[in-house]
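In: attaching a predicted model along with its sequence, questions to come.
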Amino acid sequence: MKLVSYKSTGEQAHLGAIKDDRIVNLHRASAGDLPDDMLEFLKAGEVAMQTARDLLGTADDGIPADSVKLLSPVTNPSKIIAIGLNYMDHIREADIGVPELATMFCKYPSAIIGTDADIHWSRGLTQQVDYEAELAVVIGKAAKDVSEANAYDYIAGYMNCNDVSARDLQFRPGDQWLRGKCLDSFCPLGPCLVTSDEIDDPHNLSIKCMLNGQLMQDSNTREMIYRIPYLIEYLSEAFTLLPGDVIATGTPHGVGAFRDPPIWLGQGDVVSVEVEGLGSLTNRCVIRD
């Protein structure tokens with residue numbers, strides 16, 4: 001299934017599933033049995049997932065997908081954990097060694113936006129904003145001390161992610177990754193959450209980033225160093241992963257910071273992230289004075 005969070009003008013957010021070019025409101029289709037919120041839906045577990053699949057199979061109505069505003073599929077996760085330096089081709093372009101341990105940082109939920117929303121920042125705060133195409137994993141049920149062997153049982157699905165980064169803040173003395181990664185609007189997610197049963201192998205997917213129609217990143221998730229089952233085991237050993245939590249699994253080569261000369265996002269730029277099978281996440285850049 002392709003699950004979405006959406007709203008029409010003046011409406012609250014709703015939970016839907018895409019069927020052809022239309023969106024089925026799962027709460028209405030189930031006569032109120034299913035929640036109208038993605039996070040609550042994920043908390044309801046596999047029973048809710050199966051109910052949604054059954055409803056989608058028989059649904060013959062819905063609203064045109066282009067008539068609503070798509071939000072981030074998960075708008076309010078408890079945490080977003082991002083993995084840095086996790087693609088071999090990115091390691092090569094950065095000219096550094098493979099990290100001995102998985103490099104981790106957080107992005108705050110306040111940074112989340114959906115497709116077609118603006119990535120925005122103040123010119124006085126940062127002038128070196130970069131794109132990073134990533135595969136995001138969405139946790140489906142509480143995970144603590146999960147083994148690699150069982151890790152896939154805890155995945156609800158996958159999304160595109162753009163780990164937007166203010167490099168001049170990130171690389172300041174004092175390890176300012178948190179500040180450089182967490183500006184408002186610096187975590188576009190979407191356009192949909194594709195359930196795990198739709199993706200045969202998350203480590204064999206094309207991953208691309210387009211800037212104003214030009215291909216900037218072009219790789220495959222097989223370049224991932226620390227793979228998803230390992231990451232779930234590693235993270236859940238330290239803290240509980242909750243339904244809706246997002247793991248951004250790193251970016252491949254081609255980021256702007258390591259180009260010669262560097263390429264930074266600017267006013268009016270349009271950046272798109274496309275992971276195979278997950279649609280296109282597209283955002284416009286707006287710089288405030």
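Out: Yep, it's here. Residues are numbered from 1 along each chain as shown.

In: helices and strands of the protein: which one has the lowest mean pLDDT?
Out: Sorting the helices and strands of the chain by mean pLDDT, DSSP states H and E puts helix 88-94 at the bottom, at a mean of 86.

In: for the stretch 51-200 of the chain, what spans make up the helices?
Out: Here the stretch 51-200 of the chain has its helices, by DSSP state H, counting those that start in this stretch, at 88-94, 167-170, 177-181.

In: the spatially most central residue of the chain pairs with what?
Out: Taking C-alpha atoms, centre = their mean, the centroid of the chain lies closest to residue 161, which sits 3.1 Å from it. Residue 161 forms beta bridges with residue 134, residue 189, as assigned by DSSP bridges.

In: related to what we said a few turns ago, JSON lines for the helices of the stretch 51-200 of the chain, including mean neighbour count and distance to residue 286?
Out: Any C-beta I mention is one placed from the backbone N, CA and C, and that applies to glycine too. What follows is these, written out as JSON lines (neighbours: other C-beta atoms under 10 Å; distance: least, C-beta to C-beta, whole Å):
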{"stretch": "helix 88-94", "mean neighbour count": "16", "distance to residue 286": "27"}
{"stretch": "helix 167-170", "mean neighbour count": "19", "distance to residue 286": "18"}
{"stretch": "helix 177-181", "mean neighbour count": "19", "distance to residue 286": "19"}
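
In: minimum distance to residue 253: which of those helices has it?
Out: Among the helices of the stretch 51-200 of the chain, the nearest to residue 253 by C-beta to C-beta is helix 88-94 (3.9 Å).

In: next, the buried residues of stretch 240-257.
Out: 241-257 (16 or more other C-beta atoms under 10 Å).

In: also stretch 77-84?
Out: Across stretch 77-84, burial judged by 16+ other C-beta under 10 Å covers 77, 79, 80, 81, 82, 83, 84.

In: also stretch 42-62?
Out: For stretch 42-62, a neighbour-count test (16+ other C-beta under 10 Å) marks 42, 43, 44, 48, 49, 51, 52, 55, 56, 62 as buried.

In: next: stretch 148-168.
Out: Buried residues in stretch 148-168, counting neighbours by 16+ other C-beta under 10 Å, are found at 151, 154-168.

In: tell me the spacing between the residue lying closest to residue 53 once chain neighbours are set aside and residue 179.
Out: Distance criterion C-beta to C-beta, 6 or more residues apart in numbering; nearest residue to residue 53, sequence neighbours excluded, is residue 1 at 6.2 Å. For residue 1, the distance to residue 179 (C-beta to C-beta, to the nearest Å) stands at 37 Å.

In: cool, residue 248 as well?
Out: 17 Å.

In: residue 173 now?
Out: Distance from residue 173 to residue 179, by C-beta to C-beta: 12 Å.

In: what's the answer for residue 204, then?
Out: Residue 204 is 35 Å from residue 179, by C-beta to C-beta.
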